[in-house]
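Engineer: Sequence below, structure please.
(chains A and B)
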Number of protein chains: 2
Amino acid sequence: MRWKRISDAVVRRLPLYLRVLEEAPNQELISSQELGARAGVSPALVRKDLAWFGEFGKQGVGYETAYLRDELRKILNLHKPVPMVLVGVGSLGHALARYNRRRFIQDPNFTLELVALFDKNPELIGREVEGIPIYPITKLNEKTQELGAKLAIIAVPADAAQSVVDALVAAGVKAILNFAPVKLTVPDDVELADADLSLELQRLAYYVND
Amino acid sequence: MRWKRISDAVVRRLPLYLRVLEEAPNQELISSQELGARAGVSPALVRKDLAWFGEFGKQGVGYETAYLRDELRKILNLHKPVPMVLVGVGSLGHALARYNRRRFIQDPNFTLELVALFDKNPELIGREVEGIPIYPITKLNEKTQELGAKLAIIAVPADAAQSVVDALVAAGVKAILNFAPVKLTVPDDVELADADLSLELQRLAYYVND
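Structural biologist: Numbers count the residues shown, from 1 in each chain, chains lettered A, B, ... in the order given. Modelled structure (predicted):
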């Protein structure tokens, strides 16, 4: 059951709603007002967003917190473990791996799990980061398919990023978070998100008046 | 000279245009078609975005690459060094500091420079990351003002983030990149960007079909 035509703007707000619900485990009901206020969204937009996926609330009563939380987890595919791979174990990739691993271990609600790291540096091969093995980049296709990973993180230099994307797509990956400072091309059925920190900082510099 | 009423959507595309121009240093002229294609934006939107800031192009000729590049740098405040501070030197903060420092050293076009790091862990105080000193969090106000930093990165745990934001705002910071997985509140004249990697991964999981 998928809702592929839902706009990305709607999908982008679902994890915000989920976080609010996960932070209110002992609250039986939540109104669209409260959910919106805590997610930074108007109550009307909350109702409209959720209506895309079904009838979750009762007018004048609100949403059942636990039920809506579980439904959102299913919609986002987060109700079961989501295996991920990461390519590029430089300083940023290393930190991302540690960060993800600790979050995964500490937070039972967080089901996104890095299961393999890849790098081309022979000195890194066979090592681990927080228990996650580092494989040679030549094993990317085989390991990614074997582990069933459909989500990947890229933290390689800009000039290597497109060939890494192509290899990930060939291995069946459907969603990619890219930290390389370069615009990448993917097929229509693959979702690519850029987490280009340099671009974001350059944008923020606009707001720094002297 | 500021253009405060320009929408954030426009500002968000300026660093993309700047990157294209910086990657074409030996090209005298660039058309809105080429600039748009390389930035992933339609030629009409390129022309509309740039028209907010002045008349940079000549019809049928295009933009002078070097001139437009320099003007965009000025608009984004990137024509001179931009001092930044980072709060929270855990594994992510550490990696971000290394990442920024290396980019700053290797790329003469990249003027965003981390000049101070802060942490509450006494064992870190007095140490450095790639030459950037780590100060106690109690020195945040004094050091941030002394260094003239108006841009800050937050990489502290969620429960500490709002008090760190408040302290940064009190020290005169005008733009913040937040890596803590929590929604933060800032005054109207401060720009806050969330770089919540967990939320982004949760969003991407939506696109992972099984």
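Engineer: Of all the residues in chain A, which one is nearest chain B?
Structural biologist: Residue nearest to chain B within chain A: A:Ala95 (3.0 Å; C-beta to the nearest C-beta). Just so you know, the C-beta spots here come from the backbone N, C-alpha and C atoms, and that holds for glycine as well.
Engineer: Enumerate every residue touching that residue.
Structural biologist: Contacts for A:Ala95 (C-beta atoms under 8 Å, 6 or more residues apart in numbering or on different chains) come out as B:91-92, B:94-96.
Engineer: mind putting those residues in TSV, pLDDT and secondary structure included?
Structural biologist: Output for the contacts of A:Ala95, formatted as TSV (pLDDT from 0 to 100; DSSP: H, G, I helix; E, B strand; the rest coil):
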residue	pLDDT	secondary structure
B:Ser91	83	helix
B:Leu92	86	helix
B:His94	90	helix
B:Ala95	85	helix
B:Leu96	90	helix
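Engineer: In PyMOL, how would I select just the buried ones from those residues?
Structural biologist: Restricted to buried positions by 16 or more other C-beta atoms under 10 Å in any protein chain shown, the PyMOL selection for the contacts of A:Ala95 reads:
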select buried, chain B and resi 91+92+94+95+96
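Engineer: So which of the contacts of A:Ala95 is the closest to A:Leu18?
Structural biologist: Lowest distance from A:Leu18 to these (C-beta to C-beta) belongs to B:Leu92, with 21.8 Å.
Engineer: ok, that closest one to chain A distance?
Structural biologist: 5 Å (C-beta to the nearest C-beta, to the nearest Å).
Engineer: My understanding was that that residue contacts A:Asn100; is that so?
Structural biologist: No. B:Leu92 lies out of contact with A:Asn100 (C-beta atoms under 8 Å); the separation is 10.1 Å.
Engineer: Strand partners (parallel or antiparallel) of the helix or strand of chain A with the lowest mean pLDDT?
Structural biologist: The weakest-scoring helix or strand in chain A, judged by mean pLDDT, DSSP states H and E, is strand A:57-58 (a mean of 81). Applying DSSP bridges to the sheet, strand A:57-58 is found paired with strand A:62-64 (antiparallel).
Engineer: any idea which helix or strand comes after the partner strand?
Structural biologist: Sequence order places helix A:65-75 as the next helix or strand after strand A:62-64, per DSSP states H and E.
Engineer: Can you tell me what sits against that following helix?
Structural biologist: Applying C-beta under 8 Å, 6+ apart, the contact partners of helix A:65-75 are A:3, A:14, A:17-18, A:21-22, A:24-25, A:27-30, A:50, A:53-54, A:56-57, A:79, B:206.
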